[in-house]
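**Q** need the 3D shape of this:
(one chain, ligands or ions: 1)
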Amino acid sequence: MKKEKCPMCKKSSSSKFEPFCSEKCANKDLGNWLTGKYYIPGEKVNDEMINENPEIIDIIKKDKLDF
Ligand SMILES: [Zn+2]
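**A** Sure, this is the predicted structure:
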């Protein structure tokens, strides 16, 4: 099992809140998704989004998050 890092703050993730380090970061990320900041399945990701949110690549590679 590989070590994941929190996509929000880059700290080591907690098994309880994978892939995040804490509930706080998990909620923050969920909030970003809900407000449309992040990639939405089925929609194109433009270069600007990737430049602003490099972690978006990891999210796309993982394809889906367990919420
Ligand atoms: Zn974190």
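
**Q** please pull out the lowest mean pLDDT helix or strand from the protein.
**A** None of the helices or strands of the chain scores lower by mean pLDDT, DSSP states H and E than helix 56-62, at a mean of 65.

**Q** can you pull out the low-pLDDT segments for the protein?
**A** 1-2, 34-46, 49-50, 56-57, 59-67 (pLDDT under 70).

**Q** show me which residues of it sit near the ion.
**A** Neighbours of the ion within the chain, by C-beta under 5 Å from the ion: Cys6, Met8, Cys9, Lys11, Cys21, Cys25. The way it works is simple: take the backbone N, C-alpha and C, and place the C-beta from them, glycine included.

**Q** so which bits of the lengthiest helix in the chain are buried?
**A** Longest helix in the chain by number of residues (criterion: DSSP state H): helix 23-34. Using 16 or more other C-beta atoms under 10 Å as the test for burial, helix 23-34 gives Cys25, Ala26, Asp29.

**Q** cool, stretch 11-23 as well?
**A** For stretch 11-23, burial by neighbour count (16+ other C-beta under 10 Å) applies to Ser13, Ser14, Pro19, Phe20, Cys21, Ser22.
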